[in-house]
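J.: Got a predicted structure plus its sequence, pasted below:
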Amino acid sequence: MMSKRCFILFLLLGLVLPVVRANRLLKRKPQDHHKLCVCASDIISCSNVSLTKATFDFPQHTVVLDLSFNSITQLLATWTSTDLNQLQTLLLNNNNLTFLSSEAFVHTTRLRYLDLSSNRLTLLDEFIFEPLEKLEILLLFNNCISQIDRYAFQTMVALQKLYLSHNRISRFPVEVLKQCKKDSPFKLLDVSFNRIKVLPVKELRAMRAWLKKGVYFHNNTLTCSCELHDLVAYWHLRELSSVSDFADSHTCNMPGKQNEKILKLNCSEVKNLKKEGYLEETMFLDCDTRHKYMAKRWVLPGNMSANSSNVLNGTFLKIEPLKVEDSGVYTCYATNDSLSDTLHITVVVFNCTKRCGLEDLKTAYTTLGTCVVSLVLILVYLYVTPHCCSFCSGGNTEKDDTGESLHSSTVS
């Protein structure tokens, strides 16, 4: 009987103690940052102090918070109980982060710099960065990221630089670039050292040069093609830093060959910009410079300055109606307080209208078709026309001779 009561007592204790322990954990106060961290006015450094959890009650005036080089595995919504409305820089690099709560940054909405590099993150959900509308720089390199939601960065309207290199990304996040407009502050996307096989070439070609120069995609597993070669070669020709600074690192793969240099593929040579047109057409030349907000000036062939009335939006040169004399090299000079850029465009105007060109093309096709038909008829005549045998020919001769003799007799 006694043993039975003891058993029941131990059973009750086994049920009650975990609940008590859980309540204690829930009521546990955040750690005292003064014991582990170094504070310097508005800077708090808790770097390399063997933290496994980020549960602190940081002061509201914190501007810079360093939690790097620890062993933090998760960043939950409760990692801080204070609204850090003045926090601008948060360093979480070199931890063991594998999970970010969708509410991890609800208390840090004014962040401008976030370092999550060198962790073990595998995916980026849609709502993780949603509160960070003021974030300018996001470092995510050297993780294990293989999946990125297409809307993961949609609300980050102030984002300038996004570092995603040294991950396992297989899809180029083109949506990051598509939402960039002329007044967008975005200027750098680094997806180098990943597993991307195909680039959105059409979208990349359509981008402005000032954005192209900040798109880094070297050291991926790209599939070789002349379309890829033309893209990289043109960027190299324009001296866009994303390609020119890493020319030897732009490689691709083809059957039986790995890490072929894209610029050395056996494709047609990419030359300077060239535009062709016909008489009486209208042509627009685009001064697509490598930098934004530059003063631009067009110079016509013969070193004559373009009329300002023909320059649209300070960028596009309008030429109409086209004449043969308009052929030549047009130059756009762009400058600002510290930078300069020069763009040359060769214009070729054919000495006929576009309709004339189409008629010439039709005439060429007609001539070619006539030649082919003639050649076929000659071959048919030589190899298909039947030849009469000598017996048939002889019979016909006899008949002809008989007819001739009858005719002679009659005459005589």
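T.: Good, I have the coordinates. Note that the structure is a prediction, hence the values are computed from the model and not measured.
J.: When you work out contacts or count neighbours from here on, use the C-alpha atoms and nothing else.
T.: Will do.
J.: pretty sure residue 144 is touching residue 164, no?
T.: No - between residue 144 and residue 164 there is no contact under Cα atoms under 8 Å: 10.1 Å.
J.: more crowded one of those two?
T.: residue 164 (24 against 18; other Cα atoms under 10 Å).
J.: what is the mean pLDDT for the longest strand along the chain?
T.: Using DSSP state E to define each element, the chain has its longest strand at strand 340-350. What strand 340-350 shows for mean pLDDT is 89.
J.: now stretch 162-173
T.: Here the average pLDDT along stretch 162-173 is 97.
J.: What of stretch 204-212?
T.: 93.
J.: helix, strand or coil for residue 367?
T.: Put simply, residue 367 is helix when judged by DSSP: H, G, I helix; E, B strand; the rest coil.
J.: ok, it - how many residues close by?
T.: 12.
J.: distance of it from residue 375?
T.: Applying Cα to Cα, to the nearest Å, the value for residue 367 to residue 375 is 12 Å.
J.: do the same with residue 190
T.: 59 Å.
J.: Have a look at the two and say which one is more surrounded.
T.: Using other Cα under 10 Å, the more surrounded residue of residue 190 and residue 375 is residue 190, with 21 against 12.
J.: how near is that one to residue 329?
T.: Distance of residue 190 to residue 329, computed by Cα to Cα: 35 Å.
J.: Contacts only, for the nearest residue to residue 299 once chain neighbours are set aside.
T.: Once flanking residues are discounted, residue 299 sits nearest to residue 305: 4.5 Å by Cα to Cα, 6 or more residues apart in numbering. Contacts here follow Cα atoms under 8 Å, 6 or more residues apart in numbering; on that basis residue 305 touches 297, 298, 299.
J.: hmm, 10 Å instead?
T.: 297, 298, 299, 330, 331, 332 (Cα atoms under 10 Å, 6 or more residues apart in numbering).
J.: from the residues you listed, which two are the most distant?
T.: By the measure Cα to Cα, 297 and 330 form the most distant pair in those, at 10.7 Å.
J.: any residues in contact with both of the two?
T.: 305, 306, 317.
J.: and those as TSV, adding secondary structure and pLDDT?
T.: Converted to TSV, these look like this (DSSP: H, G, I helix; E, B strand; the rest coil; pLDDT from 0 to 100):
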residue	secondary structure	pLDDT
305	strand	90
306	coil	90
317	strand	93
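J.: Return the member of the residues you listed nearest to residue 40.
T.: Distance to residue 40, by Cα to Cα, is smallest for residue 317 among those, at 55.9 Å.
J.: partners of the closest one in the sheet?
T.: residue 285, residue 311 (DSSP bridges).
J.: just for this structure, where's the confidence low?
T.: 1-34, 356-364, 384-412 (pLDDT under 70).
J.: Could you say whether residue 334 sits in a helix, a strand or coil?
T.: Classified using three-state DSSP, residue 334 is strand.
J.: Just list the residues touching it, thanks.
T.: With contacts defined as Cα under 10 Å, 6+ apart, residue 334 is in contact with 287-298, 315, 340-343.
J.: Any idea how far stretch 234-254 is from the middle of the chain?
T.: 13 Å (Cα atoms, centre = their mean, to the nearest Å).
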